[in-house]
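A.B. asks: Structure for the following, please:
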Amino acid sequence: MNDISKIVGARIRSYRLQQGLTQEELAELASLHNTYIGQVERGEKNLTIISLEKILSALGITFSDFFAYMQSSDNNINTASECYELINKKSEEEQNIIKAILLNIDHLMKK
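C.D. replies: Presented below is the predicted three-dimensional model:
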């Protein structure tokens, strides 16, 4: 499967894990088969727009939020997107600490 399928699948897995759902629970919420969810997360299956809508709806995520930070260049995730994915997995408290660190670094770099 191509890189975009793997990127989309990894994002779905990330959101699912953040919500503490198993593949089976997500499949049930989305009215899809659990093996299909696994295949999608591994980038083995191409999603239809309808299936993606079911998954995002089950996760409570809009299309615009899902694709907001997903950029690719020659099918590679750029650095900002990779950082987003890393930070997005952290708790709100951890995210605030990371933000403060980045703001301090930015301030120091402007001097």
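A.B. asks: In this protein, where is pLDDT below threshold?
C.D. replies: Applying pLDDT under 70 to the chain flags residues 1-2, 69-81.
A.B. asks: the strands in the chain, which residues?
C.D. replies: Secondary structure of the chain (DSSP state E): strands located at 72-73, 76-77.
A.B. asks: check contacts around Lys90.
C.D. replies: Ile98 (CB atoms under 8 Å, 6 or more residues apart in numbering). Where C-beta positions appear, they are placed from N, C-alpha and C, glycine not excepted.
A.B. asks: Check the burial of Asn88 by counting its neighbours.
C.D. replies: 13 (other CB atoms under 10 Å).
A.B. asks: distance of it from Ser57?
C.D. replies: 19 Å (CB to CB, to the nearest Å).
A.B. asks: for the longest helix along the chain, the distance to its chain's centre please.
C.D. replies: Counting by DSSP state H, the longest helix found in the chain is helix 92-110. A distance of 22 Å separates the centroid of the chain from that of helix 92-110, by CA atoms, centre = their mean, to the nearest Å.
A.B. asks: what does stretch 102-111 give?
C.D. replies: Distance, centroid of stretch 102-111 to centroid of chain: 28 Å (CA atoms, centre = their mean).
A.B. asks: Could you do stretch 87-96 as well?
C.D. replies: Worked out by CA atoms, centre = their mean, stretch 87-96 lies 14 Å from the chain centre.
A.B. asks: Show the end-to-end separation of that stretch, please.
C.D. replies: 10 Å (CA to CA, to the nearest Å).
A.B. asks: buried residues in that stretch?
C.D. replies: Under the neighbour-count criterion of 16 or more other CB atoms under 10 Å, stretch 87-96 has nothing buried.
A.B. asks: try stretch 32-47
C.D. replies: In stretch 32-47, counting by 16+ other CB under 10 Å, buried: Leu32, Tyr36, Ile37, Gly38, Gln39, Val40, Glu41, Gly43, Lys45, Leu47.
A.B. asks: Sounds good, over and out.
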